[in-house]
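>>> Sequence first, then the predicted structure:
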Amino acid sequence: MSTHELKDLLDQVPDTRELILRRAPTWSAAHDAWCEARDDALDAYRAWRLAPAAETYAAYRAAQDRADAAQDSLAAGARFGTPTG
């Protein structure tokens with residue numbers, strides 16, 4: 001399957017806006033989502049540094065973008081006093 005075919009396939013999956021966590025939330029779902037995304041980004045960064053290539057860099061950037069979005073969501077909830085979990 002080509003990258004283009006995979007992207008087309010994933011674009012067809014509806015966004016349910018559900019948050020899937022690997023473990024039960026401990027403090028708040030938003031905080032735990034950020035922690036998991038941050039951990040994934042660190043792992044992807046290490047993988048890219050060990051095997052520098054376009055694919056490992058793209059995986060790192062995707063993971064870092066997810067961590068950034070989770071951090072923004074966490075900060076927005078804290079700033080406006082809205083529940084995050």
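Sure, I can see it. Numbers count the residues shown, from 1 in each chain.

>>> average model confidence for the top helix by length along the chain?
When the chain is parsed with DSSP state H, its longest helix is helix 54-80. Averaging pLDDT along helix 54-80 gives 89.

>>> so what secondary structure elements neighbour that helix?
helix 29-50 (3 or more C-beta pairs under 8 Å, 6 or more residues apart in numbering; DSSP states H and E). Every residue, glycine included, has its C-beta placed from N, CA and C.

>>> quick one on the thing from earlier: and the angle from the longest helix of the chain to helix 29-50?
Per axes from the mean of the first three to the mean of the last three C-alpha atoms, to 10 degrees, the angle that helix 54-80 makes with helix 29-50 is 150 degrees.

>>> gap between helix 54-80 and the chain center?
6 Å (C-alpha atoms, centre = their mean, to the nearest Å).

>>> in it, what counts as buried?
By neighbour count on 16 or more other C-beta atoms under 10 Å, the buried set for helix 54-80 is 56, 57, 59, 60, 63, 64, 66, 67, 70, 73, 74, 77.

>>> who are the neighbours in contact with the residue nearest to the spatial centre of the chain?
For the chain, residue 66 is the residue whose C-alpha lies nearest the centre (C-alpha atoms, centre = their mean; 3.0 Å). Counting by C-beta atoms under 8 Å, 6 or more residues apart in numbering, residue 66 touches 37, 40, 41.
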